[in-house]
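**Student:** model the structure of this input:
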Amino acid sequence: MAAEDISDAAARRLALALVENCVRNSQLEDLHAGTTPGTEVGDFSDVKVVTPFGDIPWNQLSRISDAEMKALMIDIVNKVYTFLTHLEDVVVLRDSARWNRPEHDPALLAFANRRAASRGAEGERKD
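**Tutor:** Numbers count the residues shown, from 1 in each chain. Just a heads-up that it's a prediction; the model follows:
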């Protein structure tokens, strides 16, 4: 799909609906549930997790296990697949209607621009 095939407003709406339905409302909610520690200094450098094997500074702690990450990615991929195959019925904004307006991610946009330029150069060479 070319960038000009979808309006910017439609792309923003699609991004919000996709993330709300496929990422926010996924197993990520389960991982987000629970107690979040407080910090007096603001950067959590004063927080640690006490384990039988020693203390782990909060800023160095992995907050998601490999198994949880795998389950999360499977859940998100399945939700995105379902979302993409049923667009007309799922592009609805609920809570995401109040979220910040989507903006281009600089790194992903740069990657997309490089790929587009590469496709353009390949097309020029074939002619």
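**Student:** downstream of whichever helix or strand V19 is part of, the next helix or strand is which one?
**Tutor:** V19 is part of helix 8-19, with elements assigned from DSSP states H and E. Downstream of helix 8-19, the first helix or strand assigned by DSSP H and E is helix 28-32.
**Student:** which helices and strands does that following helix pack with?
**Tutor:** Helix 28-32 sits against helix 66-85, with contacts defined as 3 or more C-beta pairs under 8 Å, 6 or more residues apart in numbering; DSSP states H and E. Yep, even glycine has a C-beta here, placed from its N, CA and C like the rest.
**Student:** tell me what the helix it packs on is packed against?
**Tutor:** helix 8-19, helix 28-32.
**Student:** check these for me: which has the lowest mean pLDDT.
**Tutor:** Mean pLDDT per stretch puts helix 28-32 lowest among these, at a mean of 86.
**Student:** in that helix, which residues are buried?
**Tutor:** Residues of helix 28-32 classed as buried by neighbour count (16 or more other C-beta atoms under 10 Å): L28.
**Student:** distance between that helix and the chain's centre?
**Tutor:** Averaging C-alpha positions (C-alpha atoms, centre = their mean, to the nearest Å) puts helix 28-32 13 Å from its chain's average.
**Student:** let me see the contact set for the residue lying closest to R94 once chain neighbours are set aside.
**Tutor:** Nearest residue to R94, sequence neighbours excluded (C-beta to C-beta, 6 or more residues apart in numbering): E20, at 6.5 Å. E20 makes contacts with L93, R94, D95, S96, W99, as judged by C-beta atoms under 8 Å, 6 or more residues apart in numbering.
**Student:** ok, back up a step: any chance of TSV for the helices and strands packed on helix 66-85, columns distance to V50?
**Tutor:** Shown next, in TSV, are the helices and strands packed on helix 66-85 (distance: least, C-beta to C-beta, whole Å):
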stretch	distance to V50
helix 8-19	35
helix 28-32	21
